[in-house]
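*Asks:* after the sequence you'll find the predicted model.
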There are 2 protein chains.
Amino acid sequence: MSNQLANGVVELIRQRELGPGDRLPTARELAETFEVATPTMREALRRLQATGVIDIRHGSGIYVRRTEQRLVVPNPGYGELETFTILQILDARLLVEPHLAELAARNIDSIALAKIERVVQQAANEVRIRDYLESNVRFHTLIARASGNLVLAQFIESLIELYSVELDQVDPNLKLVDGRSADNAVHQEIYTALTSGNGRAARDAMARHLQTARQSVSSRLVPDS
Amino acid sequence: MSNQLANGVVELIRQRELGPGDRLPTARELAETFEVATPTMREALRRLQATGVIDIRHGSGIYVRRTEQRLVVPNPGYGELETFTILQILDARLLVEPHLAELAARNIDSIALAKIERVVQQAANEVRIRDYLESNVRFHTLIARASGNLVLAQFIESLIELYSVELDQVDPNLKLVDGRSADNAVHQEIYTALTSGNGRAARDAMARHLQTARQSVSSRLVPDS
DNA sequence: AATCAATAAGTGATTAGATCTCTTGTCGCC
DNA sequence: GGCGACAAGAGATCTAATCACTTATTGATT
């Protein structure tokens, strides 16, 4: 029952053509619409929240978070990420993302390419650290999507979201200080490889990019670097 | 709040050392224990159900499903899997599992090796189709776990669970008819490669194994094969 | 005029206890 | 010995009121 309710709400989002950020009817109204009591509706809403479909904000309302139903979703109950786990996540990304970059170099269309170019520019010019990281995330997800394999792309997005959760704690006005010019150079390199359809180059550049990140995390374990 | 409740129940499972299949206290008792009303507790339980931690059976009770918290979980709200999506899942497994098999060949210990041997034997002798498929699943998850990369192993498990959901519909007494001797041979081959620590051979055999599955699904699209 | 603080309306969060439905084990009949 | 009815246990849902948080508005202060 609570299952059908959840599907019903998803269907309602689809029918009304609501997009991310749009507000849904109030919980009471939804309950009334589906002819159930509010606690019952809330159970269904909790599931949709757990799977990343909606966002429930106390006192404010219920908002669409994602319209696409993913095959796999990040576990909202997973606690703090230990350094060892972050390394394993990066190992996973190191296997998958270079592969996706190579596929993307073969499949990408001009629209996606333009989006990536824009995001590379943004990342290079961002001042606030949170905006910079956000652009960075978009860069990776855009490439993953461009590969054509939705399953792997959603997996990568889920992995990235796992640390984005902790990222929300970061002061949004914090300024970037350390040089990230190296990152920007590699971004540019990957973009160029995608443009020219050079799969091998895209794969290698992406692998180097992630390897850098992995080493930076790895040095936390052995701080004498 | 419903968040802390969910964590509290997980903690309770840990403290009481409950394992998969064990029954939890009744919903009313849980609510009382955490000093909340039953609908509030139910919201938390729904989330744990959505993330695969517990199993709620109407009229029967609440049962532990998995004690380990996964980084990613299969989306319970995902509908029927279309053939195209199944192919993309197999493409994903085709990237990840040969890699994990190779890692496993290097890292595996004798205990895990013994478990795999047993499961290979079981799969070869199973009569009922559901038991056979279950052994098959265990074979793949055991190898994925033996790789040492939990993140990728959990991803593979999640992908497999996505079609296992539909598998529950299969009549448990259905008998196997078609020859699966080819599967068994490859299982044996992978097992041998793991035993001898031959990573390359393990990778190749796993890739061929999955490729076979992919072609079998692919032929559904173009039935003139 | 601009800014900030108090306020009120809207909305999610939680509560209590009663009732319904489903599962499962048991008891008794055949 | 087996099968069906029954009863106890447990999850599912409901009702309706109250609490808590957000947000926009309004009015006072500077």
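*Replies:* Now that the structure is in, tell me what you want to look at.

*Asks:* the closest residue in space to A:Thr195 that isn't next to it in sequence is in what secondary structure piece?
*Replies:* Excluding its sequence neighbours, the residue lying closest to A:Thr195 (C-beta to C-beta, 6 or more residues apart in numbering or on different chains) is A:Leu113, at 6.3 Å. (Glycine included, C-beta is placed from N, CA and C.) Under DSSP states H and E, the secondary-structure element containing A:Leu113 is helix A:110-125.

*Asks:* on contacts alone, who are the packing partners of that helix?
*Replies:* helix A:129-146, helix A:181-195 (3 or more C-beta pairs under 8 Å, 6 or more residues apart in numbering or on different chains; DSSP states H and E).

*Asks:* ok, the residue of chain A found nearest DNA strand C - how many residues close by?
*Replies:* Using C-beta to the nearest atom of the strand, A:Thr26 is the residue of chain A that sits closest to DNA strand C, at 3.0 Å. By the criterion of other C-beta atoms under 10 Å in any protein chain shown, A:Thr26 has 12 neighbours.

*Asks:* excluding chain neighbours, give the residue nearest to it in space.
*Replies:* Of all residues not flanking A:Thr26 in the chain, A:Gly61 sits nearest, at 6.8 Å (C-beta to C-beta, 6+ apart).

*Asks:* quickly check: the lengthiest helix in chain A near chain B or not.
*Replies:* Looking across chain A with DSSP state H, the single longest helix is helix A:83-107. Yes. Where contact is defined by C-beta under 8 Å from any C-beta of the partner chain, part of helix A:83-107 touches chain B, namely A:Thr85, A:Gln88, A:Ile89, A:Asp91, A:Ala92, A:Leu95, A:Val96, A:His99.

*Asks:* quick one: mean pLDDT over that helix.
*Replies:* Mean pLDDT, computed over helix A:83-107, is 96.

*Asks:* okay, the angle between that helix and helix A:181-195?
*Replies:* 30 degrees (axes from the mean of the first three to the mean of the last three C-alpha atoms, to 10 degrees).

*Asks:* surely A:Lys115 is in contact with A:Ile143?
*Replies:* No. A:Lys115 is beyond contact range of A:Ile143, at 10.1 Å (criterion: C-beta atoms under 8 Å).

*Asks:* element containing the residue of chain A found nearest chain B?
*Replies:* Chain B sits closest to A:Pro39 of chain A, with a gap of 3.9 Å, by C-beta to the nearest C-beta. According to DSSP H and E, A:Pro39 maps onto helix A:38-50.

*Asks:* quick one: strands adjacent to the first helix or strand past that helix going along the chain?
*Replies:* Using DSSP H and E, the helix or strand that follows helix A:38-50 in sequence is strand A:54-57. With DSSP bridges as the test, strand A:54-57 is paired with strand A:61-64 (antiparallel).

*Asks:* can I assume A:Gly19 is in contact with A:Val64?
*Replies:* Yes. Counting by C-beta under 8 Å, A:Gly19 does reach A:Val64; the two are 6.3 Å apart.

*Asks:* between these two, who's got more neighbours?
*Replies:* Neighbours per residue, other C-beta under 10 Å: of A:Gly19 and A:Val64, the larger number sits with A:Val64, 19 against 10.

*Asks:* export the helices and strands packed on helix A:110-125 to TSV and append columns for mean pLDDT and mean neighbour count.
*Replies:* Output for those, formatted as TSV (pLDDT from 0 to 100; neighbours: other C-beta atoms under 10 Å in any protein chain shown):
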stretch	mean pLDDT	mean neighbour count
helix A:129-146	91	20
helix A:181-195	90	18
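
*Asks:* which among those is found nearest to B:Arg214?
*Replies:* Distance to B:Arg214, taken as C-beta to C-beta, is lowest for helix A:129-146 among these, at 20.9 Å.

*Asks:* the closest one close to chain B?
*Replies:* No. Helix A:129-146 stays clear of chain B (C-beta under 8 Å from any C-beta), getting no nearer than 11.8 Å.

*Asks:* with that, I have no additional questions.
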